[in-house]
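> Requesting a structural model of the entry that follows:
(one chain, ligands or ions: 2)
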Amino acid sequence: MGLTIAQKIIKAHLVSGQMQVGEEIALRIDQTLTQDATGTMAYLEFETMGIDRVRTEKSVAYIDHNTLQSGFENADDHRYIQSVAKKHGIYFSRPGNGICHQVHLERFGVPGKTLIGSDSHTPTGGGIGMLAFGAGGLDVAVAMGGGAYYITMPKMIRVNLTGRLRPFVTAKDVSLEILRILSVKGGVGSIIEWGGEGVKTLSVPERATITNMGTELGATTSIFPSDETTRAFLAAEGREADYVPIAPDADAVYDRVIDIDLSALEPLIACPHMPDNVVKVSSLKGTKVDQVCIGSCTNSSLQDMLKVAALLKGRTIKDSVSLSISPGSKQVLSMLAECGALADMLAAGARVLECACGPCIGMGFSPNSGGVSLRTFNRNFEGRSGTKDAKVYLVSPECAVAAALTGEITDPRLLGEMPAIVMPEAFKIDDSAVIPPAAPEEAQALSVLRGPNIKEFPKAKPQTDCLSAAVALKVGDDITTDHIMPAGAKILPYRSNIPYLSKFCFAVCDESFAERALALGESVIVGGVNYGQGSSREHAALVPLYLGVRAVIAKSFARIHAANLINAGILPLTFKDPKDYDRLCRDSRISIEGVFEGMETGEMTLVDDKGERITLTCSFTERQKDILKAGGLLAYTKG
Ligand code: MIC
Ligand code: SF4
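Numbering: from 1, shown residues only. Ligands and ions are numbered 1, 2, ... in the order given. Below is the predicted model:
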């Protein structure tokens, strides 16, 4: 039987396990990436493992999330990451060099290799045929130390593309279309492989937009073939030697096939507050817009930016709209400057922001109260922009420009002719903002610089056979990590200070949660479907751990978050009958006896204070059971 692209790469990297759907497999990891908001914790964890030098082919530490430096906290964390990187064999991409996923695609990604990153959008690398996964910081730390990365062997979904996108219809609309079809849960447990004749019509940045947003489907990862287009992209980056062709076998078997005719697509828009809340742009015609943001790891390539500049050229944005543009990397920004496109953006009235995540993670540029913000980003979760009652819509760069020019949601096809974009044959290569690690013989003498904002991270407790706790919080479906552990300009600087961060845990849902949980001592959280979707931030597990949370009982979990909970020694349990969710209330006391036996049989009984019995299920691999028993992945790895 033939293999899919992902199966070929998995096979070549398989350390243990059977390549059968649902089985746990361990993969050798060739490359890792971190960003600063999750990186500090990942490197603190790496340091406790006592390994001198990373054992990967390439590991890169990016600074792109927390670049405001509004106090000493960020600056100290950056200095810490820079010093730890130099000492332990990691490349350091300075603040200003760009968003991790964009820079990694440009300068480091290699088709056919495996990559894990402490950021959920690491699958962007699938745009050049890399098998790239978002993971918790601790999993990345283990991979840097040469350990394998464990996942459940996913199902394979093939999306078959035919036709060609029409003018003003973009890769972003392809992402929104697949979200419309599959929803934010539809990719869970699957790898999405893009194929078919239509693939040839898509450039590497367009493919990367699509694999980037595969994260919003809950997919394990997404991947495109590596073909002549990939070769040309790598050649333009001066890296043709990294090219290898990869395609599925003709008789590869997929669990599901979805067909999308690119020629039939129309401009689409995701409405507040979920990326799968997708409608046609034309159906919202005339909605007043206050703010437009162009950029993020989804849409900040040179190709996107050149299109934006060409559409803005000679025009002026509406007085009522504030427009920000964040190019994805120093490479993109300097090429925009050299060809005059940057001047066209500025002349039209855009505010050009740093090459960083910026508004996407609420680092500035929050909308006005109740404001409507159109963003080319990948997430529009409630409150993520920094303004709780803002209405954030997700669109293509072309649609963003149309709104900035007209002041309202406008079908970009009404802008007239799409100006032709000429992509340069070669990109401007300047790696001066990437600082290489010290040679092993020099590294010994180097010290690591820690600031006062770095506090100890909480240590998980070994699992006990009897769990007796109170329900500290009950939440609904599709709870994101932005609900559990919000980000944004006020909180993000404290990613290495769990005690401080804990004050904001679940604040979007219930401001009194943190205080209540601390007072309760040991507690559990009750959740609905797809609990923990979104980011890879392990803080969404470490902070509840600090607050005394011992288990999360939900209808279902998102992949990375479930792994982070186990790594933090917190039990992720599910209702055998989802209707039992209704029987649990906040503040009731529960007990679960026979946890160890339940971990073996896959079933446990919860008894509440009224004596009601509820059956919970779990499915842990031998390794996960050992991690939970040891008190988290760190204790397990060291033990
Ligand atoms: C995000 O887009 O939510 C982030 C910020 O990039 C996160 C990582 C983090 O929380 O630091 C992600 O996607 O994993
Ligand atoms: Fe940064 Fe936004 Fe991409 Fe996350 S989704 S890596 S915050 S640009």
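> do stretch 360-373 and ligand 1 meet?
Yes. Counting by CB under 6 Å from any ligand atom, ligand 1 is contacted by stretch 360-373 at Ile361. For glycine as for every other residue, the C-beta is placed from the backbone atoms N, C-alpha and C.
> What is the end-to-end distance of that stretch?
End-to-end distance for stretch 360-373, by CA to CA, to the nearest Å: 11 Å.
> buried set for it?
360-367, 371-373 (16 or more other CB atoms under 10 Å).
> And for stretch 508-523?
In stretch 508-523, counting by 16+ other CB under 10 Å, buried: 508-510, 513-514, 516-518, 520, 522-523.
> of the buried residues of stretch 360-373, closest to ligand 1?
Ligand 1 lies nearest to Ile361 out of the buried residues of stretch 360-373, by CB to the nearest ligand atom, at 4.6 Å.
> give the contact list for that closest one.
37, 65, 384, 487-488, 492 (CB atoms under 8 Å, 6 or more residues apart in numbering).
> Point out the residues in the stretch 1-150 of the chain that sit beside ligand 1.
By CB under 6 Å from any ligand atom, the part of the stretch 1-150 of the chain that sits against ligand 1 consists of 37-38, 65, 119-121, 134.
> At which residues are the helices of the stretch 301-450 of the chain located?
Taking DSSP state H, counting those that start in this stretch as the test, the helices found in the stretch 301-450 of the chain are 302-312, 330-339, 341-348, 397-406, 440-443.
> mind giving me JSON lines with these and columns for mean neighbour count and distance to ligand 2?
Output for the helices of the stretch 301-450 of the chain, formatted as JSON lines (neighbours: other CB atoms under 10 Å; distance: least, CB to the nearest ligand atom, whole Å):
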{"stretch": "helix 302-312", "mean neighbour count": "24", "distance to ligand 2": "13"}
{"stretch": "helix 330-339", "mean neighbour count": "20", "distance to ligand 2": "13"}
{"stretch": "helix 341-348", "mean neighbour count": "18", "distance to ligand 2": "19"}
{"stretch": "helix 397-406", "mean neighbour count": "27", "distance to ligand 2": "14"}
{"stretch": "helix 440-443", "mean neighbour count": "11", "distance to ligand 2": "29"}
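> May I see the buried residues of stretch 360-373 arranged in a markdown table, with pLDDT as well?
Below are the buried residues of stretch 360-373 laid out as a markdown table (pLDDT from 0 to 100):
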| residue | pLDDT |
| --- | --- |
| Cys360 | 98 |
| Ile361 | 96 |
| Gly362 | 96 |
| Met363 | 95 |
| Gly364 | 94 |
| Phe365 | 97 |
| Ser366 | 97 |
| Pro367 | 98 |
| Gly371 | 98 |
| Val372 | 98 |
| Ser373 | 98 |
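> So which of those residues reach ligand 2?
360-361.
> is it possible to export the buried residues of stretch 360-373 to JSON lines including distance to Pro111?
Shown next, in JSON lines, are these (distance: CB to CB, whole Å):
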{"residue": "Cys360", "distance to Pro111": "27"}
{"residue": "Ile361", "distance to Pro111": "29"}
{"residue": "Gly362", "distance to Pro111": "34"}
{"residue": "Met363", "distance to Pro111": "32"}
{"residue": "Gly364", "distance to Pro111": "36"}
{"residue": "Phe365", "distance to Pro111": "35"}
{"residue": "Ser366", "distance to Pro111": "39"}
{"residue": "Pro367", "distance to Pro111": "39"}
{"residue": "Gly371", "distance to Pro111": "42"}
{"residue": "Val372", "distance to Pro111": "40"}
{"residue": "Ser373", "distance to Pro111": "36"}
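> residue ranges for the helices of the stretch 451-600 of the chain, please.
481-484, 498-501, 513-520, 539-546, 559-567, 595-601.
> what's the farthest-apart pair in the buried residues of stretch 508-523?
Within these, Val508 and Glu522 form the most distant pair, 23.7 Å apart (CB to CB).
> near ligand 2, which residues of the stretch 401-550 of the chain show up?
Neighbours of ligand 2 within the stretch 401-550 of the chain, by CB under 6 Å from any ligand atom: none found.
> for the stretch 401-550 of the chain, what are the low-confidence residue spans?
Applying pLDDT under 70 to the stretch 401-550 of the chain flags no residue at all.
> end-to-end on stretch 65-80?
Start-to-end, stretch 65-80 (CA to CA) is 15 Å.
> Among the buried residues of stretch 360-373, name the ones in strands.
372-373 (DSSP state E).
> Could I get the pLDDT score of the spatially most central residue of the chain?
The structure's the chain has its C-alpha centroid closest to Ser120; by CA atoms, centre = their mean the separation is 2.0 Å. At Ser120, the predicted lDDT confidence score is 98.
> follow-up on the earlier one: as JSON lines, the residues of the stretch 1-150 of the chain next to ligand 1 with secondary structure and distance to Gly218 would be great.
Below are those laid out as JSON lines (DSSP: H, G, I helix; E, B strand; the rest coil; distance: CB to CB, whole Å):
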{"residue": "Ala37", "secondary structure": "helix", "distance to Gly218": "21"}
{"residue": "Thr38", "secondary structure": "helix", "distance to Gly218": "19"}
{"residue": "His65", "secondary structure": "coil", "distance to Gly218": "22"}
{"residue": "Asp119", "secondary structure": "coil", "distance to Gly218": "16"}
{"residue": "Ser120", "secondary structure": "coil", "distance to Gly218": "10"}
{"residue": "His121", "secondary structure": "coil", "distance to Gly218": "13"}
{"residue": "Gly134", "secondary structure": "strand", "distance to Gly218": "11"}
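> Just give me how far stretch 499-510 sits from the chain centre.
21 Å (CA atoms, centre = their mean, to the nearest Å).
> Which positions within that stretch qualify as buried?
Applying 16+ other CB under 10 Å to stretch 499-510 flags 501-510 as buried.
> Between these, which sits nearest ligand 1?
Of all these, ligand 1 sits closest to Leu501, with 11.4 Å by CB to the nearest ligand atom.
> could you redo the helices of the stretch 451-600 of the chain as a markdown table and give each row distance to ligand 1?
Shown next, in a markdown table, are those (distance: least, CB to the nearest ligand atom, whole Å):
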| stretch | distance to ligand 1 |
| --- | --- |
| helix 481-484 | 7 |
| helix 498-501 | 11 |
| helix 513-520 | 18 |
| helix 539-546 | 7 |
| helix 559-567 | 8 |
| helix 595-601 | 28 |
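> Include distance to Asp276 when you put the ones you listed into CSV, please.
Shown next, in CSV, are these (distance: least, CB to CB, whole Å):
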stretch, distance to Asp276
helix 481-484, 16
helix 498-501, 29
helix 513-520, 27
helix 539-546, 21
helix 559-567, 17
helix 595-601, 34
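> Of the ones you listed, which is nearest Gly50?
Closest approach to Gly50 among the helices of the stretch 451-600 of the chain (CB to CB): helix 559-567, 18.2 Å.
> Can you check what angle separates the closest one from helix 539-546?
30 degrees (axes from the mean of the first three to the mean of the last three CA atoms, to 10 degrees).
> Now rank the residues of the stretch 1-150 of the chain next to ligand 1 by neighbours and give me the top one.
Greatest neighbour count in those, by other CB atoms under 10 Å, goes to Asp119: 31 neighbours.
> from the buried residues of stretch 508-523, which is closest to ligand 2?
For the buried residues of stretch 508-523, the nearest to ligand 2 is Val508 (16.8 Å; CB to the nearest ligand atom).
> give me the number of residues near Lys610?
Lys610 has 9 neighbouring residues, counting by other CB under 10 Å.
> Just to check, Thr38 is in contact with Arg495?
Yes. Counting by CB atoms under 8 Å, Thr38 touches Arg495, with 7.2 Å between them.
> Could you pull up the residues touching Asp304?
Contacts of Asp304 (CB under 8 Å, 6+ apart): 205, 209, 294, 376, 397.
> and what of Arg107?
237, 239, 431, 434.
> mind running it again at 7 Å?
For Arg107, the contacting residues are 237, 431, by CB atoms under 7 Å, 6 or more residues apart in numbering.
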